[in-house]
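A.B. asks: Test case, fold it:
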Amino acid sequence: MATATYDGVEVEVNDEGFFTDPSAWREEMAPIIAKEMGIDELTPDHWRVIRFVRDRYLETGGGPTVRVLGKTSGVTVKELYRLFPKGPAKEAAKIAGIPKPVGCI
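C.D. replies: This next block holds a predicted model:
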């Protein structure tokens, strides 16, 4: 298994860079992960989505799809794609330290 270091903490990640243990994630890691993905600054709307995705994962054991995010996170699908242009569900999950949502390619 591969590892990555965020905020001085080494964590195990899969071959796509998703955390294998979501409990290892800390909020201080999110801006570092985001910057690696080309998102220079996490706005309050980014954080709203990141926290929503993480909470949803902790409640259900799976990350939400883009459709679910657009309907329930308080951020529209159009805005989600502005915030996370390479795929909102996938990018938000990675920044939130959870596994890649089912159905994401």
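A.B. asks: Contact partners for Trp47?
C.D. replies: Trp47 makes contact with Ala30, according to CB atoms under 8 Å, 6 or more residues apart in numbering. In this view, the C-beta of every residue, glycine as well, is placed from N, C-alpha and C.
A.B. asks: which element is it on?
C.D. replies: helix 44-60 (DSSP states H and E).
A.B. asks: If you count contacts, what does the helix or strand that that helix is followed by end up packed against?
C.D. replies: Using DSSP H and E, the helix or strand that follows helix 44-60 in sequence is helix 66-72. Helices and strands touching helix 66-72, by 3 or more CB pairs under 8 Å, 6 or more residues apart in numbering; DSSP states H and E, are helix 44-60, helix 77-83, helix 88-96.
A.B. asks: that older thread, give me the angle between the helix holding Trp47 and helix 88-96.
C.D. replies: 90 degrees (axes from the mean of the first three to the mean of the last three CA atoms, to 10 degrees).
A.B. asks: Where does pLDDT dip in the protein?
C.D. replies: The chain contains residues with pLDDT under 70 at 102-105.
A.B. asks: how about 50 then?
C.D. replies: Across the chain, nothing is flagged by pLDDT under 50.
A.B. asks: one step back: how about the helices and strands packed on helix 66-72 in CSV, adding distance to Arg26?
C.D. replies: Listed next are these as CSV, based on distance: least, CB to CB, whole Å:
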stretch, distance to Arg26
helix 44-60, 11
helix 77-83, 21
helix 88-96, 11
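A.B. asks: Deepest-packed of the ones you listed, please.
C.D. replies: Greatest average neighbour count among the helices and strands packed on helix 66-72 goes to helix 88-96 (a mean of 26), per mean count of other CB atoms under 10 Å.
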